[in-house]
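S.K.: Next come a sequence and a model predicted from it.
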Amino acid sequence: MRIGILQCGQSPAQLKDEMGDYPDMFQRLLAGRGFTFRTWHVEAMEFPAGVHDAEGWLLTGSRHGVYEDHAFIPPLEDFIRRAYAAHVPLVGICFGHQIIAQALGGRVVKHPGGWVVGTHDYDFDGTPLQLNAWHQDQVVQLPPGAEVAARNEACENAALVYGDRAFTVQPHPEFQDDFVQGLMDTRAKGVVPPELLEGAAARMGQARSSSAIADRIEAFLKAPRQLQEGAA
């Protein structure tokens, strides 16, 4: 199955050589599941010709806010709406989770609850999963057709499903602890409160449920669906 990765941001330069960029992390997360990948760097205004250039789309994280004024955001929202209308499945992680919600009529804000970093526990429809997170923004108003698939005390809308059209997750199943530590070293000083960094450091090395999210992403992308040919 051909998966198009829409790269919405970049790994910090200090970490990229050793740990890879965001598309590399997703290819590792979903390795051995019958997917082939091609990346379009939409943050750099590189877009697919049409929504059928891949059989499914995966939108990555980004340090940008979806509500900010960046040139790539309006055409990305338009692409999301066209893919959604054509029933080409969409998967969004962190920024991808938020931009899909915003494009389809939801609302994203810099959350008054502040940062969520490191390992957190999430309730996925009664199944407890542990995932790394790194975000300050959150979806606070659901778009039409979205249903909550996961939550916790820090993030009420931690995962959303839109029928068979989109599956989105706020935390980062693709982030390993060494990458989170790298973010703490390169992007957190003076930005993330020290007590949150201390809490994240205390949970380093605990078991992660990344493979369980990879299972859910695979099942969602491979689910039978009738694609619509109208959207280019």
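M.R.: Structure's in. What do you need?

S.K.: so who does the nearest residue to residue 203 once chain neighbours are set aside touch?
M.R.: The shortest distance from residue 203 to any residue that is not its chain neighbour, by CB to CB, 6 or more residues apart in numbering, is 4.1 Å, and that residue is residue 119. Just so you know, the C-beta spots here come from the backbone N, C-alpha and C atoms, and that holds for glycine as well. Applying CB atoms under 8 Å, 6 or more residues apart in numbering, we find residue 119 in contact with 130, 131, 132, 133, 200, 203, 204, 206, 208.

S.K.: Which of those are buried? Put it as a PyMOL command.
M.R.: In PyMOL syntax, the buried subset of these is picked out as below (16 or more other CB atoms under 10 Å):
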select buried, resi 130+131+132+133+200+208
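
S.K.: who does the spatially most central residue of the chain bridge with?
M.R.: Note on the chain: the residue nearest the mean C-alpha position is residue 93, at 0.6 Å, using CA atoms, centre = their mean. The partner list for residue 93 in beta bridges (DSSP bridges) reads residue 169.

S.K.: pretty sure it contacts residue 166?
M.R.: No. Using CB atoms under 8 Å, residue 93 is not in contact with residue 166, being 11.8 Å away.

S.K.: Need the distance between the two termini of stretch 88-106.
M.R.: As for stretch 88-106, its first-to-last residue distance stands at 20 Å under the measure CA to CA, to the nearest Å.

S.K.: buried stuff in stretch 70-77?
M.R.: In terms of neighbour count (16+ other CB under 10 Å), stretch 70-77 has its buried residues at 72, 73, 76, 77.

S.K.: What mean pLDDT does that stretch get?
M.R.: Mean pLDDT, taken over the full extent of stretch 70-77, equals 98.

S.K.: and what of stretch 135-147?
M.R.: The average pLDDT for stretch 135-147 rounds to 97.

S.K.: contacts for it?
M.R.: When contacts are taken as CB under 8 Å, 6+ apart, the neighbours of stretch 135-147 outside the stretch itself are 65-67, 94, 97-98, 101-102, 104-111, 113-116, 148, 155-157, 160-163, 165-166, 170-171.

S.K.: Not counting its neighbours along the chain, what's nearest residue 167?
M.R.: The spatial neighbour of residue 167 that comes closest, neighbours along the chain excluded (CB to CB, 6+ apart), is residue 220 at 4.4 Å.

S.K.: Validate this expectation: that neighbour resides in a helix.
M.R.: Yes. Residue state for residue 220 (DSSP: H, G, I helix; E, B strand; the rest coil) corresponds to a helix.
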